[in-house]
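Q: When you get a sec, could you give me coordinates for this:
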Amino acid sequence: MPDLTLTTFDFDTMTGLSRTAKPIAHPLPSLLRDYFADTAAYGASLAKIDPMVCVQVDIGVPESSGNVAHGTTLIKHGKIGTEHYMTKGQFHTLLHAAEVYFCLSGHGGMMMETPEGKVDWREMRQGDVVHLSGRRVYRSINISATEPFMMLFAFPCHAGHDYGTIAAKGLRKLIVDKGGVPTMADNPCRKG
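A: Sure, this is the predicted structure:
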């Protein structure tokens, strides 16, 4: 029987923080060391940038079938070389599980890719919603030059997370800055 414990939606829509859930800060060196294509720019930038590029807050709903995990993701603005700050990207362990993202503030987007190689990019601004149907790896990317990109997420608690596939192979495409315009480009570091 599913856990019927009530949870409260207590996120501040300006900061993404919660009164009850602790933020999970992802320092750049441990989160994205092998994810940026320009490793020289990555190494050179480590001493100059705010190491807390991405902060997630998960409300902590019990991980059982029938529950919906939800929380916020905030990605600060900035770039490594020509690539904008981003999350690692993931599949769900339960490959057919879907997820919903609602943009609370900022300007960013969602890079999506199927196991068969179909790639899609969806730009997001405040109020936009992206429904990630199952069988998609996805990565959130902040393309703003001046402000954080913050989203609310929700997915089935039992969906799980697969970060290893992306860590091993990389995505087929990147979003890079070309003359101030976010542009999709081939990932020169893609394996397989």
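
Q: hey, let's count contacts and neighbours off CA atoms from now on
A: OK.

Q: Now do the most centrally placed residue in the chain against Pro148, distance only.
A: The geometric centre of the chain, computed from its C-alpha atoms, lies nearest to Ser140 (Cα atoms, centre = their mean), at 3.4 Å. From Ser140 across to Pro148, the span is 12 Å (Cα to Cα, to the nearest Å).

Q: How about Ala98?
A: 25 Å.

Q: between those two, who's got more neighbours?
A: Pro148 (22 against 18; other Cα atoms under 10 Å).

Q: residue contacts, that one?
A: Leu74, Ile75, Lys76, His77, Ser105, Gly106, His107, Asn142 (Cα atoms under 8 Å, 6 or more residues apart in numbering).

Q: swap the cut-off to 10 Å and go again
A: By Cα atoms under 10 Å, 6 or more residues apart in numbering, Pro148 lies in contact with 15, 53-54, 74-78, 85, 105-108, 142.

Q: Same question for Ile59.
A: By Cα under 10 Å, 6+ apart, the contact set of Ile59 is 7-11, 17-23, 69-72.

Q: all strands of this protein, in order?
A: 23-27, 52-58, 68-75, 79-80, 83-84, 99-105, 107-113, 119-125, 129-132, 137-142, 149-156, 173-178, 181-186 (DSSP state E).

Q: Any chance of a markdown table for these, columns mean pLDDT and distance to Phe91?
A: Converted to a markdown table, the strands of the chain look like this (pLDDT from 0 to 100; distance: least, Cα to Cα, whole Å):
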| stretch | mean pLDDT | distance to Phe91 |
| --- | --- | --- |
| strand 23-27 | 67 | 18 |
| strand 52-58 | 80 | 17 |
| strand 68-75 | 89 | 15 |
| strand 79-80 | 88 | 24 |
| strand 83-84 | 92 | 21 |
| strand 99-105 | 94 | 10 |
| strand 107-113 | 95 | 9 |
| strand 119-125 | 96 | 14 |
| strand 129-132 | 94 | 11 |
| strand 137-142 | 93 | 4 |
| strand 149-156 | 93 | 12 |
| strand 173-178 | 94 | 16 |
| strand 181-186 | 94 | 20 |
